[in-house]
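Undergrad: Sequence below, structure please.
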Amino acid sequence: MTKRTQLTLATALVATLVLGASGCSDPKKGPAAGGASNPAAANDGKVLGGTPARGGTLTVLSNQDFAHLDPARNWTLPTIDFGTRLLYRTLVTFKAEPGKAGSELVPDLATDLGTSSNGGRTWTFTLKEGLKYEDGSPIRAQDVKYNVERSFAPDLTGGPDYAAQYLAGADGYKGPLQGQHLDSVKTPDDRTIVFELKRPVAEFSATATLPTFAPVPQSQEKGTQYDARPFSSGPYKIETYDRDKKLVLVRNEHWDPKTDTVRKAYPDRFVVVMGLKGGQVDDRIIASDGADASAVEYQDMRPESAPKVLPKPDIKARLLAESQGCTEMLHLNNSRAPFDDPKVREAMQYAVDKEAVVTAGGGPALNEVATAYLPPALTGGKQADTLGIAPSGDPAKARELLKAAGKENLKVSLSVSTGDKGKAEAVQQGLSRAGVQVVIDTVDPGAYYDVIGDLSTTPDMTLTGWCPDYPSGSTWIPFVFDGRTIKDKGNQGNYSQFRDEATMKRIDEINAMADAKQANQAWIDLDAEIMKKSPSVPVLLERKPLLIGTNIAGAYGHPVWTGTIDYGTVGLKDPSKSQG
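TA: This next block holds a predicted model:
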């Protein structure tokens, strides 16, 4: 039995479990939504394990190292969750609760959510008193300014682009490493920071939740080496970090819970063990022997592990599988042949067998077919279906479009993270029906975004998702489809390298809208227009399946962190049983 056959049998069992759990599913929610029809959704909105006790060692089992822990470069979920909950604080953050409440903004380093003036072009934040770093030195407004400036440095790639998009006078700025600073970020005193924006941004408070708005003292600057040892402003600090092997966090004794209403910091230590195989992680946490009883998994549960979990109530009770609120897409490299031809791109919309990719990704318990770019979280709970293509595709129509384009026999490359090889094979098989040969290249998860974000190494196609940084279309379409965001290195979001003048013009028009409701509908309408140009193929809407050990308490999937466990509130039932 080949590995692919094993995967097919496993995911077929998942599909059987979903269909057999109830006579029918809620047509408004779909097969992968919450409700009794989906066994993976049994713990939606719940906190598992009760209230944690203080102390002990919580282990995180992972197949990968973190791409970037430097807050100026951290723009990959769930690394943002890990960094901003444990190592550094931001001006504003999200409430530590499951479900809808977790999307509520709350002050973090700042005393409030910021004050706007000048018609929304000026935002002022005041830092709380008594904030300290891991060495006991005070956290100053100038340190937040410095990290915002660092996010512009050409060597510190990969981080959020909001500062570059929003700040006035930032064009051509290259960061503070050569002694230059931004006049549009002012710090009149140690506790006040003022941002001058090039246009009104009504939701700038939400932008200030991102790691870009965490403090970094200039005295701690280490350039690209800062990734290995961020200076802590959060409840934990780094004790040791052996890249690709192990990270150990211990308490930051200068973190004051009186200044922090969000993080509970229950464990004494966090130990992240890296480089494990996905199935190995699942099996260890299912068994929950020894230290693994006090462990959680960092990456998603493997699809082939679902039959070991969903039919067994005691193990399923330890499964979190919240909706990620993201869309996974097959990005087509629009910058070169063959995907510089709109007809060829349109053919790909019809060629992909999304049902097969759903099966490879864990079946309908863990995924559902995507029919648009914007996820349901940004479109009122339901995606549009602009093109009306069957979930299994239409290879005959794809062949017809390829013939019209004079590209009847194509050979293209597809790069995926190692864990997505099964999905890549499903894409490969689907495109073969239309005469398209796909060569798959698997990349280590820790290096994947660096590889596909370098225009000198990006392939013909990539498979990856995009998630809103907060509930607004402004955090989605401009980053995925605005050609002005494309970078030679550290390219994030616009992996299709889509440059379309009409789209960019409309993005600017929507960004200028003062009415949030009007803007929201405009993003939805623009989504439909971009779908017709087919820079990418929307493929999946995913859940985030994560297993926890039997000694874990306070675990839930946070809605903003794409269903990742909230590291700020997770802990242990009995710390004396933990090891490490």
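
Undergrad: Check the spacing between the closest residue to residue 187 other than its chain neighbours and residue 120 real quick.
TA: Nearest residue to residue 187 in three dimensions, chain neighbours excluded: residue 141, at 4.4 Å (C-beta to C-beta, 6 or more residues apart in numbering). (C-beta placed from N, C-alpha, C; glycine too.) Remark: distance between residue 141 and residue 120 (C-beta to C-beta, to the nearest Å) = 21 Å.

Undergrad: Among those two, which residue is more densely surrounded?
TA: Set residue 141 next to residue 120 and count neighbours by other C-beta atoms under 10 Å: residue 141 wins out with 24 against 15.

Undergrad: show me what contacts the more buried one?
TA: By C-beta atoms under 8 Å, 6 or more residues apart in numbering, residue 141 lies in contact with 125, 127, 187, 189, 190, 191, 192, 193.

Undergrad: ok, of those residues, which come out buried?
TA: By neighbour count, with 16 or more other C-beta atoms under 10 Å, the contacts of residue 141 hold 125, 127, 187, 191, 193 as buried.

Undergrad: Now do the contacts for the third one.
TA: Pointing back at residue 187 there. Residues near residue 187 by C-beta under 8 Å, 6+ apart: 140, 141, 142, 145, 193, 194.

Undergrad: For residue 130, see how far away the last one is.
TA: This means residue 194. Residue 194 sits 22 Å away from residue 130, going by C-beta to C-beta.

Undergrad: quick one, which of the two is more surrounded?
TA: With neighbours defined as other C-beta under 10 Å, residue 194 and residue 130 compare such that residue 194 has more, 18 against 11.

Undergrad: what is that one paired to in the beta sheet?
TA: Beta-bridge pairing for residue 194 (DSSP bridges): residue 124, residue 186.

Undergrad: That one and residue 182, how far apart?
TA: In this view, residue 194 and residue 182 are 11 Å apart by C-beta to C-beta.

Undergrad: And the contacts of whatever helix or strand residue 411 lives in?
TA: Residue 411 is part of strand 410-417, with elements assigned from DSSP states H and E. The contact list for strand 410-417, computed with C-beta under 8 Å, 6+ apart, reads 330, 338, 344, 402, 423-424, 427-428, 435-445, 448, 451-452, 458-464.

Undergrad: Report the buried residues of it.
TA: Within strand 410-417, the residues scored as buried using 16+ other C-beta under 10 Å are 410, 412, 414, 415, 416, 417.

Undergrad: Toward the C-terminus, what is the element adjacent to it?
TA: Heading C-terminal from strand 410-417, the first helix or strand you meet, by DSSP H and E, is helix 421-432.

Undergrad: Check which residues of that next one are buried.
TA: Going by 16+ other C-beta under 10 Å, helix 421-432 has these buried residues: 421, 422, 423, 424, 425, 426, 427, 428, 430, 431.

Undergrad: for the contacts of residue 141, which one is nearest residue 554?
TA: residue 127 (28.3 Å; C-beta to C-beta).

Undergrad: Skipping its backbone neighbours, what lies nearest that closest one in space?
TA: Once flanking residues are discounted, residue 127 sits nearest to residue 191: 4.4 Å by C-beta to C-beta, 6+ apart.

Undergrad: what residue lies at the spatial centre of the protein?
TA: In the chain, the residue lying closest to the centroid (C-alpha atoms, centre = their mean) is residue 77, at 3.2 Å.

Undergrad: residue contacts, it?
TA: So residue 77 contacts 467, 561, 562, 564 (C-beta under 8 Å, 6+ apart).

Undergrad: As CSV, those with pLDDT and neighbour count would be great.
TA: Formatted as CSV, the contacts of residue 77 follow (pLDDT from 0 to 100; neighbours: other C-beta atoms under 10 Å):
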residue, pLDDT, neighbour count
467, 93, 21
561, 90, 25
562, 90, 22
564, 96, 26
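
Undergrad: got the end-to-end distance for stretch 55-69?
TA: 24 Å (C-alpha to C-alpha, to the nearest Å).

Undergrad: can you give me the offset of that stretch from its chain's centre?
TA: Distance of stretch 55-69 from the chain centroid (C-alpha atoms, centre = their mean, to the nearest Å) equals 16 Å.

Undergrad: Using neighbour counts, pick out the buried residues of that stretch.
TA: Residues 56-69 are the ones in stretch 55-69 that count as buried (16+ other C-beta under 10 Å).

Undergrad: Which ones among those lie within strands?
TA: With strands defined by DSSP state E, the entries of the buried residues of stretch 55-69 inside them are 57, 58, 59, 60, 61.

Undergrad: before we move on, back to that, name the nearest residue to the residue nearest to the centre of the chain, sequence neighbours excluded.
TA: When the adjacent residues along the chain are set aside, residue 77 lies closest to residue 562, with 4.8 Å between them (C-beta to C-beta, 6+ apart).

Undergrad: element containing that neighbour?
TA: Residue 562 belongs to no helix or strand when elements are defined using DSSP H and E.

Undergrad: contacting residues for it?
TA: 77, 78, 324, 325, 326, 467, 544.

Undergrad: what's the answer for residue 183, then?
TA: By C-beta under 8 Å, 6+ apart, residue 183 lies in contact with 169, 196.

Undergrad: one step back: and of the buried residues of strand 410-417, the nearest to residue 87?
TA: Of all the buried residues of strand 410-417, residue 87 sits closest to residue 417, with 23.8 Å by C-beta to C-beta.

Undergrad: And that closest one, how close does it get to residue 353?
TA: 20 Å.

Undergrad: now residue 472
TA: Taking C-beta to C-beta as the measure, residue 472 falls 32 Å from residue 353.

Undergrad: pLDDT weak spots in this structure?
TA: Of all residues in the chain, those with pLDDT under 70 make up the ranges 1-37.

Undergrad: Summarise which helices and strands the longest strand seen in it is packed against.
TA: The longest strand of the chain (DSSP E) is strand 536-547. Secondary-structure packing of strand 536-547 (3 or more C-beta pairs under 8 Å, 6 or more residues apart in numbering; DSSP states H and E): helix 278-287, strand 295-297, strand 319-323, strand 327-332, helix 354-360, strand 367-369, strand 461-466.

Undergrad: I appreciate the help and will end here.
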